[in-house]
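test case, fold it:
(chains A and B, ligands or ions: 2)
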Amino acid sequence: MTPVIAISKDTIREMTKRKLILAIVIAGILTAILFLIFSGIVGIISQKLVHSMLQGRSVSQEEIKILTQEVNQKGFGTLVTFFSIAIDLLGIFLVLLTFSTFLPTEIDRGTIKLIISKPVSRLEVVLGKFLAGTIVLLSYSILMGVMLILGSIYLNGKVDYSDIYGCILMFCKLLMMGSITMAMSMMMRPILASVVTFFLSGDIFVWVATIFYSSKPLYYIFVALYYILPSYSIFEVHNIKNLFLSLFVKIPPLTSGDIFYKAGYSMDIILIMLAITVILFNKKDLIQ
Amino acid sequence: MKLAIETDNLTKTYGNPKNLDSVKAVQGLTMEVPSGAVFGFLGPNGAGKTTTIYLLLGILKPTSGKGKLLGRPLGDPRGKGKLGFLPESVNLHLHHTGISLLNYYGELLNINPVRRKERIHEVLEQVGLKESGNKFITTYSKGMVQRLGIAQALLNEPDLLILDEPTANLDPIGRKEVKDLLINIREAGKTIFISSHILSDVESLCDRVCILKGGKIIRAGTMEELNTNKGVIEIRTKNLPEEAGQKITGLGAEIETKSDENLILIKNKEQEFGIIEIIRQFECPLISISEQKNTLEEIFYTAVKGENP
Ligand SMILES: Nc1ncnc2c1ncn2[C@@H]1O[C@H](COP(=O)(O)OP(=O)(O)OP(=O)(O)O)[C@@H](O)[C@H]1O
Ligand SMILES: [Mg+2]
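Ligands and ions are numbered 1, 2, ... in the order given. Modelled structure (predicted):
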C-alpha cells in the first residue's frame, strides 16, 4: 500500500507547483470571499428593503424580524445558486485538467520508466494518481462547503442542510467526472478526453428522445443512451433551473436518502471507470 | 546456475504488425544472464538494445515470448525489489531537489525512513553529488542529471543493475568514476547488465557479451569464447637474421617485420619453445611473449559488418 501513498503524495506536491491548478484554486477562494461579502450586502439590502416596505405602518418587532428573514432567504437563495454554479464550474476545470493528465504526463515525460523500475505495480500507479486527485478535490469541496455554511449562518442564523448536501453531491459528481476523464485519457489525448468527459452526460438524451418520440426505434435508442451514460444533472441541487422552478412550485428538500442513492450511483460509475483505466493502462507500452 | 535474467523468444514489434510501417525491434531473443555476471549488451544504433531493456522491466509489453527477471516473470513488481535501473535518457520529476527525489524513490522501494536517509547520503557521495543534493533538479547540468540517475539505481543496493548507456553525458573523469564504481559492484558479486557504445569500457568490465543487430543476437558468449585468435602466441624480437627467419617459418610460424622489430605469430603452441631456442641461438633479444587477443572492437566490427540479417 505504501507505493500508492508515496505516488499520491508526490502527485499532490507536483500539482501545487502547476500554475493553472493554483489559479483555479485561487479563483475558487476569491469566489468564496466574494460570496461572503455579497452575503453581507444582502443582509444590509434586505434590512433597508423591509424598512421601506413598512414605512408609515405600525408593526411589531416580531413581524419585522420574520419579514427580514424571509427577504434574506430569497436573496441568499439566489446568491447560493450563483456561488454553487461558479464553484462547480471551477471544480470541473480543476478535475478535467488534473485527472486527464495524471497518467499521460508521466508517460510523455518518461518519468513513468523509473517508477515502473521500482517494485510498483501498474494498479498502484493508477490508484496513487486517483487518490491524489481525490484528496485535492475533497479539500476543494470542504473549503467551499465551509464558506457556504458560514454565509448561511451569517444570514439565517442556522445551517441549511441542503447546502451541505449540495457540496457532497458536487464532490461526488466531480470525482465521477475525474474517473471518467482518467479512463478517457487512456484512449485519447488529455484535451480531447476532457472535452468528451464534459459532454458525455446522458442528460441531453432525455430531450433528444422526446424530439424523436414518434419514430420508435430512435426513441428507444436515445432513452437507452440516457440510462447507459452517466448522468451529471442528478447531482445538481442549486442551479438556475431549480431557482426558476422554485418561484412556481415548492421543491422538496433533499433527504439523506437521496444523498446515499446519488453517492452510491457515482461510486458505481467511479469503480467501473477505475477498472477500465487499470485494464487499459495494464496493456499499454509506457513510452512516448 | 542461477539466472538473473532469462528470455525465451522475446519479440517486440512497434505498431500494428500487419502494417507496413511497423518496426520489428526485437525478434525472437533468447538469452541467459547468470547471477554475478557482468554482461555487455552491444549493438549498433537501432539494434534493439533499449527496447529489450524496456521489455525486461515491463515498461513495454512483448508482442510474443516471455522471460524472467530475478526469478519473476517480466513485469512482476516483486522481481524489482532488488533491481537498479538507469535509463538511456534520464527523465526526472523536475519539481524535486536531488535529495527529495531520492527520498521519493526510496519510498517506492519501501526502504525504511532511517535507512533511506543513510542510503541517500551514501549514494550522493558515491556519484559525487554531495554538495548539490539540496538543489532543484532544474538547475542540474546534463552530467549531474546522469549522476543522479546512477544514484537512484544504486539506492536499494541492487542485486541486478541494468544500465543503458551509463557513461553518456559524462566527462572523462565522470566516466572513470562510474567505471570504478561498477568494478566495486562487480567485486561485491552483483550482476550487471550494461548496454554501451564505448567498447573499451565494456571490454575491461564485462566477462560476457552479446551483440545484437536488427533485433537478433549475432554473437554471444564469454569474452574468452568470442576471442577468435585464441591460442595464437606472439613473440616480439629484434634484428632477426634471415637464416633464423627461414628456420622459424619452416616450422609453420609467421613473421611480420617492421623496421628492425620482428613479430612472430605461432599458431601451434608446441612449437613455442623450439622457436625461442632458435632466437636464443642467434642471440636476438626477447622483447615480449604474449597470447594474442582480439579487441572487443575487432570482434564487434567483424560481427556487425559480416552479418546481414
Ligand atoms: N517508440 C517507437 N516507435 C516505433 N519504433 C521505435 C520506437 N522506439 C524504437 N523504435 C525502433 O526500434 C528499433 C530499435 O530501437 P532501440 O531504441 O531499441 O535501439 P537501440 O539498440 O537502443 O539503439 P541506440 O544504440 O541508438 O540507443 C529502431 O529501429 C527504432 O527505430
Ligand atoms: Mg538505446
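
run the chain-centre distance for stretch B:46-62.
17 Å (C-alpha atoms, centre = their mean, to the nearest Å).

that should have said stretch B:70-83, apologies.
On C-alpha atoms, centre = their mean, the centre of stretch B:70-83 falls 22 Å from the chain's centre.

any part of it near chain A?
Yes - using C-beta under 8 Å from any C-beta of the partner chain, stretch B:70-83 comes into contact with chain A via B:77-81, B:83. All C-beta spots, glycine's among them, are computed from the backbone N, C-alpha and C.

surely A:K283 is in contact with B:K61?
Yes - counting by C-beta atoms under 8 Å, B:K61 is a contact partner of A:K283 at 6.6 Å.

between those two, which is the more surrounded one?
Taking other C-beta atoms under 10 Å in any protein chain shown, A:K283 and B:K61 do not tie; B:K61 has more neighbours (15 against 10).

near chain B, which residues of chain A are found?
Checking chain A against chain B by C-beta under 8 Å from any C-beta, the hits are A:2-3, A:6-7, A:9-10, A:13-14, A:17, A:109-121, A:124, A:283-287.

any weak-confidence spans in the stretch 151-300 of chain B?
The model of the stretch 151-300 of chain B has pLDDT under 70 over residues B:229-230.

ok, 90 please
Within the stretch 151-300 of chain B, the stretches with pLDDT under 90 are B:167-179, B:181, B:184-185, B:196-205, B:207, B:211, B:218-235, B:238-300.

could you give the bridge partners of the closest residue to ligand 2 within it?
Per C-beta to the ion, B:D164 is where the stretch 151-300 of chain B lies closest to ligand 2, at 6.0 Å. On the basis of DSSP bridges, B:D164 is bridged to B:S195.

that one touches B:V90, doesn't it?
No - between B:D164 and B:V90 there is no contact under C-beta under 8 Å: 9.6 Å.

rewinding a little: out of the residues of stretch B:70-83 next to chain A, which are buried?
Buried members of the residues of stretch B:70-83 next to chain A, scored by 16 or more other C-beta atoms under 10 Å in any protein chain shown, are B:77, B:79-80, B:83.

ok, which stretches of chain B are helices?
B:49-57, B:98-108, B:113-126, B:142-154, B:172-187, B:199-205, B:223-226, B:242-250, B:272-281, B:296-306 (DSSP state H).

what residues sit buried inside the third one?
Of the residues in helix B:113-126, those scored as buried under the neighbour-count criterion (16+ other C-beta under 10 Å) are B:116, B:119-120, B:123-124, B:126.

identify the residues contacting that helix?
With contact meaning C-beta atoms under 8 Å, 6 or more residues apart in numbering or on different chains, helix B:113-126 is reached by B:98-99, B:102-103, B:106-107, B:111, B:130, B:133, B:151-152, B:154-157, B:181.

how about a cut-off of 7 Å?
The contact list for helix B:113-126 (C-beta atoms under 7 Å, 6 or more residues apart in numbering or on different chains) reads B:98-99, B:102-103, B:106, B:111, B:130, B:133, B:151, B:154-155, B:181.

re the thing from before, of all the buried ones among the residues of stretch B:70-83 next to chain A, which comes closest to ligand 2?
B:L83 (18.5 Å).

residues in contact with the closest one?
Counting by C-beta under 7 Å, 6+ apart, B:L83 has contacts A:117, B:70, B:158, B:160, B:162.

look up phi and psi at the first one.
If I follow you right, that is A:S117. With angles defined as degrees, to the nearest 10, A:S117 sits at phi -70, psi -10.

just give the closest residue to it, not the sequence neighbours.
Excluding the flanking residues, the one nearest A:S117 by C-beta to C-beta, 6 or more residues apart in numbering or on different chains is B:F85, at 3.8 Å.

now the spatially most central residue of chain A: which helix or strand?
Using C-alpha atoms, centre = their mean, the residue of chain A that lies closest to the mean C-alpha position is A:M170, 3.4 Å off. A:M170 is part of helix A:161-184 when elements are defined by DSSP states H and E.

and that helix, what does it pack onto?
helix A:61-99, helix A:122-156, helix A:190-199, helix A:256-283 (3 or more C-beta pairs under 7 Å, 6 or more residues apart in numbering or on different chains; DSSP states H and E).

hmm, 10 Å instead?
helix A:61-99, helix A:102-109, helix A:122-156, helix A:190-199, helix A:256-283 (3 or more C-beta pairs under 10 Å, 6 or more residues apart in numbering or on different chains; DSSP states H and E).

neighbours of residue 53, how many?
Chain wasn't specified; assuming chain A. With other C-beta under 10 Å as criterion, A:M53 counts 12.

actually, chain B is the one I wanted.
B:I53 has 23 nearby residues by other C-beta under 10 Å.

sorry, back to before: nearest to ligand 2, of the helices and strands packed on helix A:161-184?
Closest among the helices and strands packed on helix A:161-184, using C-beta to the ion: helix A:102-109, at 18.1 Å.

tilt between that closest one and helix A:190-199?
170 degrees (axes from the mean of the first three to the mean of the last three C-alpha atoms, to 10 degrees).

any buried residues in helix A:102-109, and which?
A:102-107.

also stretch A:89-96?
In stretch A:89-96, counting by 16+ other C-beta under 10 Å, buried: A:90-96.

the closest residue in space to B:K66 that isn't next to it in sequence and ligand 2: what is the separation?
Closest residue in space to B:K66, ignoring its immediate chain neighbours: B:D8 at 5.4 Å, by C-beta to C-beta, 6+ apart. For B:D8, the distance to ligand 2 equals 22 Å [C-beta to the ion, to the nearest Å].

got it, and A:G166?
54 Å.

and the pLDDT for the residue nearest to that residue when sequence neighbours are not counted?
Leaving aside its chain neighbours, A:G166 sits nearest to A:V237 (3.8 Å; criterion: C-beta to C-beta, 6+ apart). pLDDT for A:V237: 73.

surely A:V237 meets A:C167?
Yes - with contact defined as C-beta atoms under 10 Å, A:V237 counts as touching A:C167 (8.9 Å).

shared neighbours, these two?
A:S84 (C-beta atoms under 10 Å, 6 or more residues apart in numbering or on different chains).

sorry, back to before: just the residues of stretch B:70-83 next to chain A: which are in strands?
B:L83 (DSSP state E).

tell me which of the residues of stretch B:70-83 next to chain A is nearest to ligand 1?
Closest approach between the residues of stretch B:70-83 next to chain A and ligand 1, by C-beta to the nearest ligand atom: B:L83, at 19.0 Å.

before we move on, back to that, wait, isn't the residue nearest to the centre of chain A in contact with A:L138?
No - shown here, A:M170 and A:L138 do not form a contact pair, counting by C-beta under 10 Å, at 11.2 Å.

about what we covered before: now the buried members of the residues of chain A next to chain B.
Buried members of the residues of chain A next to chain B, scored by 16+ other C-beta under 10 Å, are A:3, A:6-7, A:9-10, A:14, A:110-121, A:124, A:286.

any stretches of chain A with poor pLDDT?
In chain A, residues with pLDDT under 90: A:1-2, A:16-29, A:31-88, A:143-167, A:199-262, A:288.

which parts of it sit against ligand 1?
Contact residues, chain A versus ligand 1 (C-beta under 6 Å from any ligand atom): A:I287.

in chain A, what residue lies closest to ligand 2?
Closest point on chain A to ligand 2, by C-beta to the ion, is A:I287, at 11.6 Å.

now do the phi/psi pair for that residue.
As for A:I287, its main-chain torsions (degrees, to the nearest 10) stand at phi -130, psi 160.

next one: it relative to A:I116, how far apart?
Using C-beta to C-beta, to the nearest Å, A:I287 is found at 11 Å from A:I116.
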